[in-house]
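Asker: no sequence for this one, just the structure:
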């Protein structure tokens with residue numbers, strides 16, 4: 001009986017203590033108060049996560065600096081709300097756009113989270129199938145003309161460019177009102193789209209080749225190249241991320257296409273042309289074109 005009474009008294013005491021405290025946030029989570037608003041350690045951690053790697057000796061000063069910035073930010077937020085800026089149409093549209101972007105990224109991240117990781121066998125197979133990226137990797141000095149869709153048929157472009165210099169090709173494209181972009185750059189193998197890269201080793205310095213891809217036609221001239229092989233050990237550390245990026249891209253495109261096929265989508269008035277098939281979405285892990293995906297996956301750019 002005595003022990004029961006003791007337990008009851010303890011329970012009442014604990015209930016009283018927690019009942020009188022802030023039920024939403026433990027005191028240890030609050031790092032600052034700005035008028036009636038609180039800044040929590042979670043907000044600080046979120047801000048810290050967006051920063052690049054910080055040396056251990058600088059961690060405390062960086063955290064203090066961020067707390068100051070969060071306080072300043074909260075002060076401006078309070079004034080914006082006081083001035084009812086959150087009700088302006090421009091701000092409301094920006095908030096909604098941010099909300100849509102955040103939810104989209106969260107959903108795509110959820111899709112990617114369920115994908116199997118590439119095996120060692122997958123990585124070795126990719127290594128063996130793409131010597132142009134590894135054992136025979138080269139750095140190329142290129143001149144390139146890109147003609148994006150819609151464009152004339154490949155045969156017409158080939159006929160138009162046959163036996164011409166790059167200068168003559170530019171003039172011919174202009175004369176035929178064909179839209180294009182031209183560039184000259186030095187690029188490592190992993191910075192070049194695979195469909196182009198697989199052709200380059202067969203080209204001699206000074207040779208020009210027309211290369212077709214699903215979305216464009218490229219006219220490429222190899223000015224010069226030099227061997228810069230990547231060891232198998234280094235490659236095997238980086239290939240899994242590239243393969244994961246590619247799996248993510250495929251999974252996302254399949255999911256989006258499935259959602260389109262099972263949803264009712266109506267384009268109105270002059271936007272009816274948007275009902276035509278659209279290009280596949282890029283992987284959110286790469287947020288870039290295919291060549292950037294290769295560069296990040298193989299060269300280890302995160």
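Answerer: Here it is on my side, so go on. None of the values given here were measured: they were computed from a predicted structure. Numbers count the residues shown, from 1 in each chain.
Asker: C-alpha from now on. contacts and neighbour counts both.
Answerer: OK.
Asker: and the longest helix anywhere in the chain, what other elements does it pack with?
Answerer: When the chain is parsed with DSSP state H, its longest helix is helix 232-261. In this structure, helix 232-261 packs against helix 89-113, helix 120-129, helix 290-299, with contacts taken as 3 or more Cα pairs under 8 Å, 6 or more residues apart in numbering; DSSP states H and E.
Asker: hmm, 6 Å instead?
Answerer: Counting contacts by 3 or more Cα pairs under 6 Å, 6 or more residues apart in numbering; DSSP states H and E, helix 232-261 is packed against helix 290-299.
Asker: could you give the mean pLDDT of the helix it packs on?
Answerer: If you average the pLDDT over helix 290-299, you get 42.
Asker: residues of stretch 226-241 that come out buried?
Answerer: 229-230, 235-236, 238-241 (16 or more other Cα atoms under 10 Å).
Asker: whoops, stretch 264-278 was the one
Answerer: Buried, per 16+ other Cα under 10 Å, within stretch 264-278: nothing.
Asker: Residue 223 in helix, strand or coil?
Answerer: Secondary structure, DSSP: H, G, I helix; E, B strand; the rest coil: residue 223 is strand.
Asker: where exactly do the helices run in the stretch 1-150 of the chain?
Answerer: Taking DSSP state H, counting those that start in this stretch as the test, the helices found in the stretch 1-150 of the chain are 2-19, 41-49, 59-82, 89-113, 120-129.
Asker: Now tabulate these in CSV and tack on mean neighbour count.
Answerer: Supplementary listing: the helices of the stretch 1-150 of the chain in CSV, determined by neighbours: other Cα atoms under 10 Å:
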stretch, mean neighbour count
helix 2-19, 11
helix 41-49, 14
helix 59-82, 14
helix 89-113, 13
helix 120-129, 14
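Asker: Going by mean pLDDT, which of those comes out lowest?
Answerer: Among the helices of the stretch 1-150 of the chain, helix 2-19 carries the lowest mean pLDDT, a mean of 42.
Asker: Next, give phi and psi for residue 209.
Answerer: phi -140, psi 140 (degrees, to the nearest 10).
Asker: what's the distance between it and residue 168?
Answerer: Applying Cα to Cα, to the nearest Å, the value for residue 209 to residue 168 is 14 Å.
Asker: which one among the buried residues of stretch 226-241 gets closest to residue 91?
Answerer: Nearest to residue 91 out of the buried residues of stretch 226-241 is residue 241 (Cα to Cα; 37.7 Å).
Asker: got a pLDDT number for the closest one?
Answerer: Residue 241 is given a pLDDT of 93.
Asker: likewise residue 183?
Answerer: So residue 183 comes in at 92 (pLDDT).
Asker: do the same with the one 4 residues further on
Answerer: Residue-level confidence at residue 187 comes out at 94, pLDDT.
Asker: Wasn't it part of a helix?
Answerer: No: using three-state DSSP, the secondary structure at residue 187 is strand, not a helix.
Asker: picking up where we left off before, make JSON lines from the helices of the stretch 1-150 of the chain and add distance to residue 141 to it.
Answerer: Output for the helices of the stretch 1-150 of the chain, formatted as JSON lines (distance: least, Cα to Cα, whole Å):
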{"stretch": "helix 2-19", "distance to residue 141": "69"}
{"stretch": "helix 41-49", "distance to residue 141": "38"}
{"stretch": "helix 59-82", "distance to residue 141": "42"}
{"stretch": "helix 89-113", "distance to residue 141": "36"}
{"stretch": "helix 120-129", "distance to residue 141": "24"}
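Asker: one step back: closest one to residue 98 out of the buried residues of stretch 226-241, please.
Answerer: For those, the nearest to residue 98 is residue 241 (27.7 Å; Cα to Cα).
Asker: Residue 209 and residue 168: who's more crowded?
Answerer: Neighbours per residue (other Cα atoms under 10 Å) separate residue 209 from residue 168, with residue 209 holding more: 18 against 13.
Asker: Quick check: that one touching residue 220?
Answerer: Yes: assessed by Cα atoms under 6 Å, residue 209 is found in contact with residue 220 at 5.4 Å.
Asker: about what we covered before: which one of the buried residues of stretch 226-241 sits closest to residue 83?
Answerer: Using Cα to Cα, residue 241 comes nearest to residue 83 of these, at 47.2 Å.
Asker: What about residue 197? Give its phi and psi, please.
Answerer: Backbone torsions for residue 197, taken as degrees, to the nearest 10, come to phi -60, psi -40.
Asker: so what's residue 26 scoring on pLDDT?
Answerer: 61.
Asker: Might you list the low-confidence residue ranges for the stretch 201-302 of the chain?
Answerer: Within the stretch 201-302 of the chain, the ranges that satisfy pLDDT under 70 run 276-302.
Asker: still on that earlier bit, give me the distance from the longest helix of the chain to the chain's centre.
Answerer: When distances are taken as Cα atoms, centre = their mean, to the nearest Å, helix 232-261 is centred 12 Å away from the chain's centroid.
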